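[1] One predicted model, sequence on top.
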Amino acid sequence: MQEVDPVSEIYKGVGKDAPFFALVEEFYKRVENDTVLRPLYPEDLGPGKEALALFLIQRTGGRQTYSQQKGHPRMRGRHMPFKIGIIERNAWVHNMTEALDMVPELQAHKQTLKEFFESFATFMINQPD
Ligand code: HEM
């Protein structure tokens, strides 16, 4: 039997971009006030917000604008400039989990997204503690 990746089925159920942009807004609101994460991010948070929203839209099965603009995602490589240990990983997941709770259209997919974020964030770790 063919394995179906549940993450890539999410966009179909959501049906539009707006909830992903809303999720990213909620997440970045938290990053702005996070003493662990804020120093890792550049002063201008705008471009990163756009990139994260487009990446999530693409990864969940929506339009492929992220790769059209940036090429292959190679997320681990893109994160190498930032020191990501377990503390940073946990802060990222905590903020994203809170943000997820704020977006009604994503509640049906909450568990799948949460598991995706948790494992993807673990994969981004590039530093020992
Ligand atoms: C594990 C903790 C993580 C930390 C500390 C972290 C930190 C960062 C930072 C500092 C940037 C640069 C933002 C900018 O240049 O404006 C970034 C970019 C990005 N991150 Fe993360 N990140 C983490 C995990 C994740 C995860 C789990 C995902 C996806 C589910 C993700 C997706 C992205 C994307 C799509 C970008 C934009 C890359 C681009 O410029 O094309 N990150 N991240």
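    Arrived safely.
[2] what's the burial count for K110?
    13 (other C-beta atoms under 10 Å). Any C-beta I mention is one placed from the backbone N, CA and C, and that applies to glycine too.
[3] Would you mind measuring from it to the ligand?
    From K110 over to the ligand the distance is 15 Å, taken as C-beta to the nearest ligand atom, to the nearest Å.
[4] What of L23?
    L23 sits 11 Å away from the ligand, taking C-beta to the nearest ligand atom as the criterion.
[5] In terms of helices and strands, where is that residue?
    Per DSSP states H and E, L23 falls inside helix 18-32.
[6] what pLDDT, on average, does that helix get?
    Taken as a whole, helix 18-32 has a mean pLDDT of 98.
[7] Repeat that for stretch 70-83.
    For stretch 70-83, mean pLDDT is 97.
[8] near the ligand, which residues of this protein show up?
    Contact residues, the chain versus the ligand (C-beta under 6 Å from any ligand atom): 37, 40-42, 47-48, 51-52, 55, 70, 75, 78-79, 82, 84, 88-89, 92, 117, 120-121, 124.
[9] Please work out the residue of the chain nearest to the ligand and name it.
    Nearest to the ligand in the chain, going by C-beta to the nearest ligand atom, is G48, at a distance of 2.4 Å.
[10] So which bits of the host helix or strand of that residue are buried?
    Secondary structure assigned from DSSP H and E places G48 in helix 46-59. Counting neighbours by 16 or more other C-beta atoms under 10 Å, one finds that the buried residues in helix 46-59 are 49, 51-59.
[11] Now the element after it, going C-ward?
    Downstream of helix 46-59 (by DSSP H and E), the next one is helix 65-70.
[12] Dump the C-alpha coordinates for that next one into PDB.
    Taking C-alpha atoms only, helix 65-70 is exported to PDB below (Å, rounded to 0.1, in the frame of the first residue of the first chain):
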ATOM      1  CA  THR A  65       5.700  29.800  -4.700                       C
ATOM      2  CA  TYR A  66       8.400  29.100  -2.000                       C
ATOM      3  CA  SER A  67      10.500  26.900  -4.300                       C
ATOM      4  CA  GLN A  68       9.700  29.100  -7.300                       C
ATOM      5  CA  GLN A  69      11.300  32.000  -5.400                       C
ATOM      6  CA  LYS A  70      14.000  30.200  -3.400                       C
END
